[in-house]
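>>> Kindly generate the corresponding structure for this input.
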Amino acid sequence: MTDNELAAEILRLAGGTSNVSDVELCFTRLRLELGDLAAVDVEGIEALPEVVMAVTQYGQFQVALGTRLRGVHKAMRALLTEAG
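Next up, the predicted model:
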């Protein structure tokens with residue numbers, strides 16, 4: 001799965017572009033700002049082979065990706081920008 005495909009799949013499982021208002025990154029995690037946490041398929045995200053873990057912390061939904069982080073973050077940012 002490419003970074004673009006992984007970003008699109010995480011975004012879909014997180015409730016889509018209508019549920020994700022922003023995505024930031026830290027050292028190992030994507031940090032998603034969500035409208036509705038209940039719309040997230042946490043088990044689906046955790047089942048992705050590239051995902052190390054997913055957790056809700058500090059009001060954000062966080063997805064640990066390890067070495068794929070920067071490419072997936074860039075791709076997800078582009079998808080959110082395209083969605084407006």
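
>>> in the chain, which residue is closest to the centre?
By CA atoms, centre = their mean, the mean C-alpha position of the chain lies nearest to Ile10, the distance being 4.8 Å.

>>> now the closest residue in space to Gly35 that isn't next to it in sequence: how far from Thr81?
For Gly35, ignoring the flanking residues on the chain, the nearest one in space by CB to CB, 6 or more residues apart in numbering is Asn19 at 5.0 Å. The way it works is simple: take the backbone N, C-alpha and C, and place the C-beta from them, glycine included. Distance, Asn19 to Thr81, by CB to CB, to the nearest Å: 16 Å.

>>> For the two, indicate the residue with more neighbours.
Neighbour totals were compared for Asn19 and Thr81, and Asn19 leads with 18 against 9 (other CB atoms under 10 Å).

>>> OK, contacts around that one?
The neighbours of Asn19, taking CB atoms under 8 Å, 6 or more residues apart in numbering as the test, are Leu34, Gly35, Asp36, Ala39, Val40.
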